[in-house]
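Visitor: here you go, sequence then predicted model.
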Amino acid sequence: MTTTEKIFDYDKLVEAYNTNLDVTLRGFRPAEEMLDTWVPDDDPVRSLSNLVEAAQLCGSDSISVRVANKIIEHQAAALLKEKLASLGEVGCRAEPGAVVFTIAHLQETASFRSVRPIYQQRLRARFANLRFKRELRVRENQIPLRATEEHCTLAWAVQTDAHVITDAVFDGTARGPMLAALDAFCEILVGLPVLEARDHAIIRLEFSLRDPRQRHPIAGIVLPQNADPLFRLPSSLANRLFNDYLTSTGYRPAANFFDPGPRAAWAALSPAQREARVTAALAAHGAVLGLKNGEVQVVDCNHAYAVTVRFGDQLPISAKRSLALALERLVREHCDPRLEVFCEEKKDLSKLRRQIEKVN
């Protein structure tokens, strides 16, 4: 992480601000020009966040602030670090009676604030490790396709006998969020039939970039068209490449029934092994979803594409519905991306009705 030589003392900054306000009255300025827009707040989390934002607006790429322990209560420390992480890369070190926070890469992070917050974290993580901004790999029985729009280029190598994308790369001078989105898009495209790439790749991209800890701001059905303007360009480039493929090869697609199926390594496991893997994933990451011991039990994993769970009776139906979706995302991330979560069928408690059903 980049560090700064100068460390601002938060207590002294507040004291200097109040002194200037009381003595100078009008035309007062802070000792540091970069803090010209900063105004202290009684809420230390909000005050420190505003301090970092002021440095960011001034063009600084990093800032270090020393904060006395008495200012940050234990319950506010985690909230402060999370808030500062939305502004840059955060590091902290303890000193006697204080903590020094260093927030770096402020300008890079600022470019991501044009995107909805639910996508910012994963886009920033992706931008730190771009893997598909490189030369396209084309082999025999494959054709290269390339489309350019708004100074960004997306390229595919397509195997013509199977109509499958074997490689995907991008290039361009766009800002960080778009480069990160195109990089993630290329990873999703590799291995997809061109029809599936046209139909659903952008939907897969939007879903993959969501932060599951945040609630989506779209109240209804979330589509790339209404999720964020970020998804317009990748979608447009993919459509152009698909149309180019039709023109180049004469390919005429039928109905799209593509299903990637479970990964070979996952499908090769026995039901007991899959059940153990899912149970371990719930034990390791269930706390993030607010799960407590006994609230969810894995019933079986007899099919490689499905896991059946049983919810505790203490959970209301509304909680079970939202929890089932969260569980499905968790097991897809930590076990297999094709997994679906099913709730255990609840048997009819009436013995008489069960006997009638057997007779019929």
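Guide: That came in fine, so what should we check first?

Visitor: quick check: H216 touching E206?
Guide: No: in this structure, H216 is not within contact of E206 by CB atoms under 8 Å, at 9.9 Å. C-beta: built from backbone N, CA, C; applies to glycine.

Visitor: who has more neighbours out of those two?
Guide: E206 (23 against 14; other CB atoms under 10 Å).

Visitor: anything in contact with each of H216 and E206?
Guide: In terms of CB atoms under 8 Å, 6 or more residues apart in numbering, H216 and E206 are both contacted by the residues 222, 227.

Visitor: ranges for the strands of the stretch 201-350 of the chain?
Guide: 296-300, 306-311, 340-343 (DSSP state E, counting those that start in this stretch).

Visitor: now the longest one: buried residues?
Guide: It stands for strand 306-311. 307-309, 311 (16 or more other CB atoms under 10 Å).

Visitor: which residues of the protein score low on pLDDT?
Guide: 1-5, 22-35, 74-77, 347-360 (pLDDT under 70).

Visitor: ok, and what's touching the helix or strand where R146 lies?
Guide: Element membership for R146 (DSSP states H and E) is strand 142-149. Outside strand 142-149, the residues that touch it by CB under 8 Å, 6+ apart are 136, 138, 153-160, 166, 233, 236-237, 240-241, 244-245, 248-249.

Visitor: ok, now stretch 94-106?
Guide: 1-4, 7, 48, 52, 55-56, 60-70, 72, 77, 80-81, 84, 87-93.

Visitor: Produce a PyMOL select command limited to the buried residues of the residues you listed.
Guide: Listed next is the PyMOL selection for buried residues among those, using 16+ other CB under 10 Å:
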select buried, resi 4+48+52+55+56+60+61+62+63+64+65+66+67+72+77+80+81+84+87+88+89+90+91+92
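
Visitor: among the contacts of stretch 94-106, which ones are in strands?
Guide: 7, 63-68, 89-93 (DSSP state E).

Visitor: need the max-distance pair from those residues.
Guide: Greatest spacing in the ones in strands among the contacts of stretch 94-106, by CB to CB: A68 and E89 (23.2 Å).

Visitor: burial of L315, as a residue count?
Guide: 15.

Visitor: now P262
Guide: For P262, using other CB under 10 Å, the count is 20.

Visitor: repeat that for C301.
Guide: C301 has 26 neighbours, counted by other CB under 10 Å.

Visitor: can you map out the helices along the stretch 51-200 of the chain?
Guide: Under the criterion DSSP state H, counting those that start in this stretch, the stretch 51-200 of the chain contains helices at 74-85, 106-110, 117-127, 176-189, 194-208.

Visitor: any idea which of those is most buried?
Guide: Highest mean neighbour count of these: helix 176-189, a mean of 23 (counted as mean count of other CB atoms under 10 Å).

Visitor: does A324 touch V341 like I think?
Guide: Yes: under the criterion of CB under 8 Å, A324 makes contact with V341 at 5.4 Å.

Visitor: any common contacting residues for the two?
Guide: Each of V309 lies in contact with both A324 and V341 under the rule CB under 8 Å, 6+ apart.

Visitor: more neighbours, those two?
Guide: Just comparing A324 and V341: by other CB under 10 Å the higher neighbour count belongs to V341, 21 against 16.

Visitor: who's that one bridged to?
Guide: V307 (DSSP bridges).

Visitor: tell me which residues touch A174, please.
Guide: A174 neighbours (CB under 8 Å, 6+ apart): 150-152, 182.

Visitor: burial measure for R131, as a count.
Guide: There are 11 residues near R131, going by other CB under 10 Å.

Visitor: for the stretch 251-360 of the chain, which segments count as helices?
Guide: Using DSSP H, counting those that start in this stretch, helices in the stretch 251-360 of the chain cover 264-267, 271-285, 317-334, 351-359.

Visitor: in a markdown table: the ones you listed, plus distance to L291.
Guide: Converted to a markdown table, the helices of the stretch 251-360 of the chain look like this (distance: least, CB to CB, whole Å):
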| stretch | distance to L291 |
| --- | --- |
| helix 264-267 | 23 |
| helix 271-285 | 7 |
| helix 317-334 | 8 |
| helix 351-359 | 32 |
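
Visitor: can you tell which of those is closest to E15?
Guide: Taking CB to CB, helix 271-285 is the member of those nearest to E15, at 44.7 Å.

Visitor: what are the contacting residues of the closest one?
Guide: Contact with helix 271-285 is made by 266, 269, 291, 296, 298, 300-302, 304, 307, 327, 330-331, 334-335, 339, as judged by CB under 8 Å, 6+ apart.
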